[in-house]
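A.B. asks: Below: sequence and its predicted model.
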Amino acid sequence: MKPTAVFATLLLAASAVLLPAQAHAQKSERHRVVFQVSDNDPAKWNLALNNAQNVQADLGKDNVDIEIVAYGPGLNMLKANSKVAPRLAQALDGSIGLMACENTMRKTKTTKADLYSGISYVKAGVVHIMQRQSEGWNYVRP
């Protein structure tokens, strides 16, 4: 057998082993998505929460990291007495991260005591979303 034929045979054999392994690695890759909610609108929040739950259902809860970042008027939906408060509990129980923008909190004189228990805080909502995108997170604005 000629050296080029041997090389071609080895290359073909290697690709038969490596390509399935590469495909498996891509399938098992962890997904990450960040949702933006900047509207004081229960319908938008419900849409974001539904989208997050649908992503978990489709990809598998253990295969995806999900954050919902609230800033501007959207921060009102993270208040303890908000119309979507029961859904916030459901999201937190389902490992969906709920993030409140501390810049908006300062500007609106909102305290952590005003907000739903168990949520997380980010210094600046927009900057947090930008950082997540630079880290390869997918971005959705319902």
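C.D. replies: Cool, got the structure. Numbers count the residues shown, from 1 in each chain.
A.B. asks: ok, N63 to R32 distance?
C.D. replies: 10 Å (C-beta to C-beta, to the nearest Å). C-beta coordinates here come from the backbone N, C-alpha and C atoms, glycine included.
A.B. asks: wait, isn't N103 in contact with G125?
C.D. replies: Yes. Contact criterion C-beta atoms under 8 Å: N103 and G125 qualify, at 7.0 Å.
A.B. asks: Report the secondary structure state of the residue nearest to A124 when sequence neighbours are not counted.
C.D. replies: In space, not counting the residues next to it along the chain, A124 is nearest to N103; the distance is 4.9 Å by C-beta to C-beta, 6 or more residues apart in numbering. Using DSSP: H, G, I helix; E, B strand; the rest coil, the structure places N103 in helix.
A.B. asks: ditto for E67
C.D. replies: strand.
A.B. asks: Now do the contacts for it.
C.D. replies: Shown in contact with E67 (C-beta atoms under 8 Å, 6 or more residues apart in numbering): 33-35, 96-99, 132, 137.
A.B. asks: Max pairwise distance over those: which two?
C.D. replies: The most widely separated members of the contacts of E67 are L98 and W137, with 15.6 Å between them, by C-beta to C-beta.
A.B. asks: out of the two, which sits in the more crowded spot?
C.D. replies: A direct count of neighbours by other C-beta atoms under 10 Å for L98 and W137 places L98 higher, at 25 against 17.
A.B. asks: what's the host helix or strand of R32 packed up against?
C.D. replies: Using DSSP states H and E, R32 sits in strand 31-37. Helices and strands touching strand 31-37, as assessed by 3 or more C-beta pairs under 8 Å, 6 or more residues apart in numbering; DSSP states H and E, comprise helix 42-59, strand 64-70, helix 125-134, strand 138-140.
A.B. asks: how about the ones you listed, which one is nearest A91?
C.D. replies: Nearest to A91, of those and by C-beta to C-beta, is helix 42-59 at 5.6 Å.
A.B. asks: Cool, thanks, talk later.
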